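Trainee: take a look and give me a structure for this.
(one chain, ligands or ions: 1)
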Amino acid sequence: APARPSTRTEDLRTEALAVLDRLGAAVPSALPDGPSLAACTPLTGEELFRVAAASPGDVDEAVGAAAAAFVRWRSVPAPVRGATVKRFGELLSEHKADLASLVTLEAGKITSEALGEVQEMVDICDLAVGLSRQVGGRTMPSERPGHRLMETWHPLGVVGVVSAFNFPVAVWAWNTAVALVCGDPVVWKPSELTPLTALACSALLGRALAETGAPADVHRLVLGARDVGAALVADPRVALVSATGSTRMGAEVGPVVAARFGRTLLELGGNNAAVVAPSADLDLAVRGIVFSAVGTAGQRCTSMRRLLVHADVADELVGRLAAAYARLPVGDPRAEGTLVGPLVRASSAEAMQRALARAVEDGGEVVAGGEPVTVDGAEGAAYVSPALVRMPSQTEVVREETFAPVLYVMTWTDLDEAVEVHNAVPQGLSSSIFTSDVREAERFLSEAGSDCGIVNVNIGTSGAEIGGAFGGEKATGGGRESGSDAWRAYMRRATNTVNYSDELPLAQGVDFG
Ligand code: UN1
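Mentor: As a prediction, this is how the structure comes out:
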């Protein structure tokens with residue numbers, strides 16, 4: 001970054017402070033010799049603030065406070081806990097535009113996607129409030145007369161949330177809204193790239209806690225780098241570690257938590273593909289593919305990275321996609337009409353260039369994009385034109401997740417083979433098929449079809465609603481969060497057998513004298 005920040009960065013700094021102030025948050029200034037983080041903006045690629053960070057000792061204190069709060073919180077009736085989450089959802093709605101503008105500032109999302117991310121937080125609060133009157137167990141028939149067999153779901157304990165820069169607020173909210181109604185306190189370690197949005201979320205939740213009389217320590221924020229995350233993950237008082245990030249991160253976190261018999265909920269890398277059949281509605285396919293491949297500048301875990309097209313429609317589809325890519329407005333995410341904002345940092349653009357060079361070495365052809373884009377007043381930023389690359393086969397670089405807008409296109413003639421190639425990657429998050437043939441759609445949805453946690457028909461791979469369980473298989477980590485019965489990960493189950501008879505019959509007909 002240049003020595004002197006641009007005027008634009010100075011304006012952004014002023015604006016960030018005003019927004020934070022309206023959200024009830026301030027930037028904790030770093031002590032000269034204390035741990036700190038740089039709060040940067042991908043809009044210009046420059047630093048906005050130095051933010052005080054936590055030390056591993058601070059993590060210890062935060063987990064201790066959360067563990068103490070758990071003892072109170074677990075016995076608050078779930079619908080009363082729900083009232084806290086309801087208030088939080090109201091505050092989010094009220095401050096939607098401000099929080100979204102911080103998401104844009106810190107993660108580089110276009111305004112519509114930033115607003116969508118905050119809407120996702122409001123939605124999960126609604127879902128969690130409903131859950132607060134629904135979480136519960138089943139009663140099963142006992143084989144013994146005068147006995148009742150049932151299960152009870154109890155709060156689990158402190159949840160450690162480790163989140164990523166690309167959904168800096170929504171993924172935390174998925175975890176936190178559900179954890180809170182389930183009776184669990186949360187200690188949050190956000191991405192070191194997005195401390196400002198974290199401070200804002202924490203302030204809004206703090207307000208909801210105070211206004212509804214909930215213990216303040218049911219939520220603690222610990223800003224920091226790797227050492228802070230490592231301390232949180234290793235702490236035996238953290239019952240569940242819910243971590244979103246790279247597969248490499250998950251491979252480090254998983255064994256540490258397993259060694260202390262803690263629970264993990266892992267949301268790791270994706271390498272999401274769409275299969276396009278000859279019967280597909282190509283107008284709809286083009287729109288669905290472009291949104292998933294270039295939305296959030298290809299930095300969603302659900303971003304579409306591979307396209308498997310039937311040979312008969314490949315040239316036409318690629319031609320239409322290339323034309324759409326050529327018209328994509330890349331630039332300031334706050335400007336009207338922009339669809340592609342900046343990558344989060346320069347190293348992402350470098351990784352994209354390395355991937356493209358490897359693809360070309362493997363015989364790939366870049367048919368659109370793949371270039372740096374210069375934006376006035378943002379020379380230190382990482383704007384790129386999304387790349388569309390035709391590949392002769394699914395080589396190693398295609399099997400890896402590059403967190404940038406690169407869409408590799410391959411062709412097929414037999415659907416079974418297409419599904420085989422589709423599944424022949426380490427990751428298993430999201431997938432889709434574009435077809436008008438119900439048999440093809442059902443095959444893709446079947447046990448012999450896509451091996452992903454999310455399988456769609458005639459929509460892209462990204463942009464899931466919160467009502468379904470979100471997560472994936474294989475190197476994606478196997479976790480499920482958000483809707484459906486994902487709440488179970490945040491609770492512990494007790495099986496109860498109650499004898500209301502005067503006899504003591506034993507199960508399995510055992511006779512014990
Ligand atoms: C992520 O990228 O980590 O399905 C989450 C989607 C969003 C969530 C993505 N609702 O694309």
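Trainee: residue ranges with poor pLDDT in the stretch 151-300 of the chain?
Mentor: Within the stretch 151-300 of the chain, no stretch falls below the threshold (pLDDT under 70).
Trainee: beyond whichever helix or strand residue 124 is part of, next helix or strand please.
Mentor: For residue 124, the host element (DSSP states H and E) is helix 111-131. Read in the C-terminal direction, the helix or strand following helix 111-131 is strand 139-140, with elements assigned using DSSP H and E.
Trainee: relative to that following strand, what are the paired strands and their orientations?
Mentor: For strand 139-140, the paired strands and their directions (DSSP bridges) are strand 147-155 (antiparallel).
Trainee: may I have the strand it pairs with exported as CSV, CA atoms only?
Mentor: As requested, C-alpha coordinates have been extracted for strand 147-155 and formatted as CSV (Å, rounded to 0.1, in the frame of the first residue of the first chain):
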residue,chain,number,x,y,z
HIS,A,147,-42.6,-47.2,31.2
ARG,A,148,-42.0,-44.1,29.2
LEU,A,149,-39.1,-43.8,26.8
MET,A,150,-38.3,-40.3,25.7
GLU,A,151,-35.5,-37.9,24.8
THR,A,152,-34.7,-34.5,26.1
TRP,A,153,-32.6,-31.9,24.4
HIS,A,154,-30.5,-29.7,26.7
PRO,A,155,-28.2,-26.7,26.1
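Trainee: show me what the helix holding residue 124 is packed up against.
Mentor: Under the contact criterion of 3 or more CB pairs under 8 Å, 6 or more residues apart in numbering; DSSP states H and E, helix 111-131 touches helix 78-94, helix 96-107, helix 170-181. Where C-beta positions appear, they are placed from N, C-alpha and C, glycine not excepted.
Trainee: identify the residues contacting stretch 71-85?
Mentor: Counting by CB atoms under 8 Å, 6 or more residues apart in numbering, stretch 71-85 makes contact with 125, 128-129, 131-133, 135, 154-155, 177, 180-185, 208-209, 212, 214-215, 218, all of which sit outside it.
Trainee: ok, now how distant is the residue nearest to residue 484 when sequence neighbours are not counted from residue 461?
Mentor: Take residue 484 and drop its neighbours on the chain: the residue closest to it by CB to CB, 6 or more residues apart in numbering is residue 469, 3.9 Å away. From residue 469 over to residue 461 the distance is 16 Å, taken as CB to CB, to the nearest Å.
Trainee: of the two, which one has the most company?
Mentor: residue 461 (30 against 19; other CB atoms under 10 Å).
Trainee: so the more buried one, which of the three states?
Mentor: What DSSP: H, G, I helix; E, B strand; the rest coil gives for residue 461 is coil.
Trainee: wait, doesn't it sit right on residue 454?
Mentor: Yes: judged on CB atoms under 8 Å, residue 461 makes contact with residue 454 at a distance of 7.2 Å.
Trainee: tell me, what's touching the two both at once?
Mentor: With contacts defined as CB under 8 Å, 6+ apart, the residues adjacent to both residue 461 and residue 454 are 302, 429-431.
Trainee: relative to the ligand, which of those residues is nearest.
Mentor: Among these, residue 302 lies closest to the ligand (CB to the nearest ligand atom), at 3.8 Å.
Trainee: residues in contact with the closest one?
Mentor: Counting by CB under 8 Å, 6+ apart, residue 302 touches 270, 272, 292, 429-430, 454, 461-464.
Trainee: hmm, try it at 7 Å
Mentor: 270, 272, 429-430, 461-462, 464 (CB atoms under 7 Å, 6 or more residues apart in numbering).
Trainee: do the same with residue 337
Mentor: Shown in contact with residue 337 (CB under 7 Å, 6+ apart): residue 329.
Trainee: how close does it get to residue 387?
Mentor: Counting by CB to CB, the gap between residue 337 and residue 387 amounts to 21 Å.
Trainee: again, but for residue 166
Mentor: 18 Å.
Trainee: nearest spatial neighbour of the residue of the stretch 1-150 of the chain found nearest the ligand, chain-adjacent residues omitted?
Mentor: Nearest to the ligand in the stretch 1-150 of the chain, going by CB to the nearest ligand atom, is residue 120, at a distance of 5.9 Å. Across the structure, with CB to CB, 6+ apart as the measure, the residue nearest residue 120 apart from its sequence neighbours is residue 170 (4.2 Å).
Trainee: thought the one you found was touching residue 117?
Mentor: Yes: the pair residue 170 and residue 117 qualifies as a contact (CB atoms under 7 Å) at a distance of 4.7 Å.
Trainee: hang on, the earlier thing: beta partners for the residue nearest to residue 484?
Mentor: When assigned by DSSP bridges, residue 469 has beta-bridge partners residue 482.
Trainee: got the contact list for it?
Mentor: Applying CB under 7 Å, 6+ apart, one finds that residue 469 lies in contact with 480, 482-486.
Trainee: can you tell me how far it is from residue 318?
Mentor: Here the criterion is CB to CB. By it, residue 469 lies 34 Å from residue 318.
Trainee: which ones are touching whichever residue of the stretch 51-200 of the chain sits closest to the ligand?
Mentor: When scored by CB to the nearest ligand atom, the stretch 51-200 of the chain has residue 167 as its residue closest to the ligand, at 4.5 Å. Residue 167 makes contacts with residue 117, as judged by CB under 7 Å, 6+ apart.
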